[in-house]
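Visitor: How does the following fold in three dimensions:
(chains A and B)
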Number of protein chains: 2
Amino acid sequence: MKFKHAILIIAAACVAVPAMAQFAKPEDAIKYRKSSLFVMGQHFGRIGAMAQGRVPFDAKAAADNAAVVEVMSKLHWAAFTEGTDKGETRAKPEIWKDAAKFKEAGDKLQAEATKLSAAAKTGNLDNLKTAFAATGGTCKGCHDNFRKD
Amino acid sequence: MKFKHAILIIAAACVAVPAMAQFAKPEDAIKYRKSSLFVMGQHFGRIGAMAQGRVPFDAKAAADNAAVVEVMSKLHWAAFTEGTDKGETRAKPEIWKDAAKFKEAGDKLQAEATKLSAAAKTGNLDNLKTAFAATGGTCKGCHDNFRKD
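Guide: Model (predicted):
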């Protein structure tokens, strides 16, 4: 019974971790963050195509894509769990060595993605361009510091 | 000038496709749908762990995960574009042969995922269990008919 009790405590502890941070194995965490970053990148790229004039501006499409970017911008952070610095990943050790700086980078993206979504909803291309550039800057900043080439 | 004009018409035609359906190449569409399905599956699995009593029920975590499932449930459908039945995919030809049935399956998942998110917000475990089972049924139904083993 003591063993069973211990298991329950461990299970409860696992649940105390944010819901977003539960992965069966390290490979799943890596696959998850790559997946969510890829999906986010696809939608962000569609906004970029409009912001940079490569496709005509479509306010509805911009708003739809930005809403997805906003949701996705919150997801991958919880997947940089301990022990996921190895394997099929370009994550730099600095993610874990300088966790505060990494968190700051994560917070920045989420803040800018929220602004991007709000800007897209205005239906104004100049607002979209400004917010796209600011959001893209947070992507680049994080990749420069925390992703291997 | 005529060529430029033709390019503009083609570009405009591309944009007339829903914003969600723009992929640079077929491989991107396949990677996108696999990615979004994996992310959705991870969050759905966390709800399942609670619904099936493998981890204690946490109403906030259930609602957060269900909200992600609801958003993700809308994404992958647009990535089953023509020409993406080949390559690294388990998609069956029936997806394109019986597009109406596939769309129906997609609509069902999205409807159930919306109900799941609403059920999770009630904070009631029985509601969550019912909605989890219904949503899981739509996953299975679509996989049985449209995914290779």
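Visitor: Touching the host helix or strand of A:Phe132 from outside, list them.
Guide: Per DSSP states H and E, A:Phe132 falls inside helix A:125-146. For helix A:125-146, the surrounding residues in contact (C-beta atoms under 8 Å, 6 or more residues apart in numbering or on different chains) are A:44, A:47-48, A:50-51, A:57, A:62, A:66, A:69, A:91-92, A:94-95, A:101-102, A:105-106, A:108-109, A:112-113, A:115-116, A:118-120, A:122. Bear in mind the C-beta positions are built from the backbone N, C-alpha and C, glycine included.
Visitor: Verify the stated contact: A:Ala29 with A:Phe23.
Guide: Yes - the criterion here is C-beta atoms under 8 Å, and A:Ala29 meets it with A:Phe23 at 4.1 Å.
Visitor: residues shared between the contacts of those two?
Guide: Common contacts of A:Ala29 and A:Phe23 (C-beta under 8 Å, 6+ apart): A:Ala79, A:Thr81.
Visitor: neighbour count winner among these two?
Guide: A:Ala29 (24 against 20; other C-beta atoms under 10 Å in any protein chain shown).
Visitor: That one sits in which helix or strand?
Guide: helix A:26-51.
Visitor: quick check: mean pLDDT across that helix?
Guide: For helix A:26-51, mean pLDDT rounds to 97.
Visitor: Check which residues of that helix are buried.
Guide: A:26, A:28-51 (16 or more other C-beta atoms under 10 Å in any protein chain shown).
Visitor: Need the three-state assignment for A:Glu82.
Guide: Classification of A:Glu82 using DSSP: H, G, I helix; E, B strand; the rest coil returns coil.
Visitor: List the contacts of it.
Guide: A:Trp96.
Visitor: ditto for A:Lys103
Guide: Contact analysis of A:Lys103 by C-beta under 8 Å, 6+ apart lists A:Trp77.
Visitor: Now do the helix or strand containing it: distance to the chain's middle.
Guide: Using DSSP H and E, A:Lys103 sits within helix A:99-121. Its chain's average C-alpha position is 9 Å from that of helix A:99-121, according to C-alpha atoms, centre = their mean, to the nearest Å.
Visitor: Show the average pLDDT along that helix.
Guide: The model assigns helix A:99-121 a mean pLDDT of 98.
Visitor: what comes up buried for that helix?
Guide: Per 16+ other C-beta under 10 Å, helix A:99-121 contains these buried residues: A:102, A:105-106, A:108-110, A:112-117, A:119-120.
Visitor: got JSON lines for these, with distance to B:Ala78 too?
Guide: As requested, the buried residues of helix A:99-121 are arranged in JSON lines below (distance: C-beta to C-beta, whole Å):
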{"residue": "A:Phe102", "distance to B:Ala78": "32"}
{"residue": "A:Ala105", "distance to B:Ala78": "30"}
{"residue": "A:Gly106", "distance to B:Ala78": "28"}
{"residue": "A:Lys108", "distance to B:Ala78": "29"}
{"residue": "A:Leu109", "distance to B:Ala78": "24"}
{"residue": "A:Gln110", "distance to B:Ala78": "25"}
{"residue": "A:Glu112", "distance to B:Ala78": "25"}
{"residue": "A:Ala113", "distance to B:Ala78": "21"}
{"residue": "A:Thr114", "distance to B:Ala78": "24"}
{"residue": "A:Lys115", "distance to B:Ala78": "26"}
{"residue": "A:Leu116", "distance to B:Ala78": "21"}
{"residue": "A:Ser117", "distance to B:Ala78": "19"}
{"residue": "A:Ala119", "distance to B:Ala78": "23"}
{"residue": "A:Ala120", "distance to B:Ala78": "18"}
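Visitor: Alright, I will stop here.
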